[in-house]
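got a predicted model here, sequence first, then my questions.
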Amino acid sequence: MAKNSTPDFVLRPFEGLPGETDWVAMREVVPAATATARTTAEHGARDVLITTVLPEGWAALHRQDGVILLALQTLAGSGDASRDLAETLLEVLDTEPGTSIETVGIPGEGPRLQDVLDLSVPFEVTVHDDYAYWLDPATDVTPDVKEALEDSASAIIPTVKLDSVESAYWCRMSREFLRWAWPHDEETMIDAIARLHAKRDSGLGTGKFIGAFRSSGILVPVWEFPRGTEASELEEPATVFATKFEAALAVTEPLDANERRARAGIVARQVTLR
């Protein structure tokens, strides 16, 4: 493959990485978060802080204290986000502290994140309510920098990662929502949701199932809650839903007429991101 030719499209670019569904959530629905990663010994066994965004839309940053940050919410360069991010990571690893990577062109043939990262390192997500993690902790924060950070933080949608289940994120917008990324086959997931929806059992606690979107080959169902619902109120209902949803996933019989109608409605409202 020639440099700057487009790699083949990869439906699930983060498949095979620890925490695939959290990679997708951080890329699409979480405004400010970081997660842990490390490169393989071949690439220096360097700790990397995966993040949602960086200042000025940078793709990566080699912070003054030596910390490497790699942003997920950047413009797609090709049909394989894993390949794009791996090239950015390898480029920033080879820079001096204090260097940012603004943009990276369409990569040619080369490794993907699955080749560059140590897959034994857990992908542990921390959600933030500001962007102070952009800075070296030893940096003196001037009034101008403080003001800039406060301005950036004011645009962050309040978001909380649930503790009781994997990859479920509460957020507060005009109302409260839960967006929950699952790693199962998309068609099987839609069938399972349809089975529950046909029985009017697709809700999560007081939340109403309102649809799903697809990103990086992962389906993300969404629930809407009564105004004022807090994230802590969803922990137990989420575990209850997970149990009944896994049971619905295990059903292999064809959908009946009511379930097929429910499925059609879900598919009609589905949105694909990226």
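Okay, I see it. Residues are numbered from 1 along each chain as shown.

how far does the helix or strand that contains residue 262 sit from its chain's centre?
In this assignment (DSSP states H and E), residue 262 forms part of helix 257-269. Taking CA atoms, centre = their mean, to the nearest Å, one finds the center of helix 257-269 at 26 Å from the center of the full chain.

buried residues, it. List them.
For helix 257-269, the neighbour count (16 or more other CB atoms under 10 Å) marks 259, 262-263, 266 as buried. All C-beta spots, glycine's among them, are computed from the backbone N, C-alpha and C.

can you check stretch 14-25 too?
Going by 16+ other CB under 10 Å, stretch 14-25 has these buried residues: 14, 17-25.

what does it rub up against?
Stretch 14-25 is contacted from outside by 12, 35, 50, 72, 81-82, 113-114, 117, 119-125, 166-167, 169, 179, 181-183, 215-218, 220, using CB atoms under 8 Å, 6 or more residues apart in numbering.

ends of that stretch, how far apart?
Separation of the first and last residues of stretch 14-25 by CA to CA, to the nearest Å is 11 Å.

run the chain-centre distance for it.
When C-alpha coordinates are averaged (CA atoms, centre = their mean), stretch 14-25 and its chain have centres 7 Å apart.

I'd like the average pLDDT over it.
pLDDT averaged over stretch 14-25 equals 98, rounded to a whole number.

and the lengthiest helix in the chain, what does it pack onto?
With secondary structure taken from DSSP state H, the chain has its longest helix at helix 235-250. Contacts defined by 3 or more CB pairs under 8 Å, 6 or more residues apart in numbering; DSSP states H and E place helix 235-250 against helix 186-198.

and the pLDDT at the nearest residue to residue 192 once chain neighbours are set aside?
In space, not counting the residues next to it along the chain, residue 192 is nearest to residue 248; the distance is 3.9 Å by CB to CB, 6 or more residues apart in numbering. For residue 248, the pLDDT comes out at 97.

residues contacting residue 248?
Residues counted as contacts of residue 248 (CB under 8 Å, 6+ apart) are 191-193, 195-196.

could you single out the nearest of those residues to residue 244?
Of all those, the one with the least separation from residue 244 (CB to CB) is residue 196, at 6.8 Å.

show me what the mean pLDDT comes to for stretch 151-165.
Averaging pLDDT along stretch 151-165 gives 94.

kindly check the end-to-end length of it for me.
Looking at stretch 151-165, the gap from its leading to its trailing residue is 32 Å under the measure CA to CA.

now it: how far from the chain's centre is it?
Here the centre of stretch 151-165 is set off from its chain's centre by 13 Å, with CA atoms, centre = their mean.

quick one: distance of stretch 49-58 to the chain centre.
If you compare the mean C-alpha spot of stretch 49-58 with that of the full chain, they lie 13 Å apart, counting by CA atoms, centre = their mean.

typed the wrong thing, it's stretch 210-217
Here the centre of stretch 210-217 is set off from its chain's centre by 12 Å, with CA atoms, centre = their mean.

so residue 222, which state does it fall into?
When classified by DSSP: H, G, I helix; E, B strand; the rest coil, residue 222 comes out as strand.

distance of it from residue 55?
If you measure residue 222 against residue 55 using CB to CB, to the nearest Å, the figure is 29 Å.

the more surrounded of these two?
A direct count of neighbours by other CB atoms under 10 Å for residue 222 and residue 55 places residue 222 higher, at 19 against 14.

the more buried one reaches residue 211, doesn't it?
Yes: with the criterion set as CB atoms under 8 Å, residue 222 and residue 211 qualify as a contacting pair; they are 5.8 Å apart.

re earlier: any chance of the contacts of residue 248 in TSV, with neighbour count too?
What follows is the contacts of residue 248, written out as TSV (neighbours: other CB atoms under 10 Å):
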residue	neighbour count
191	22
192	24
193	24
195	24
196	19
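
would TSV of these with distance to residue 131 be doable?
As requested, the contacts of residue 248 are arranged in TSV below (distance: CB to CB, whole Å):
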residue	distance to residue 131
191	40
192	37
193	35
195	42
196	38
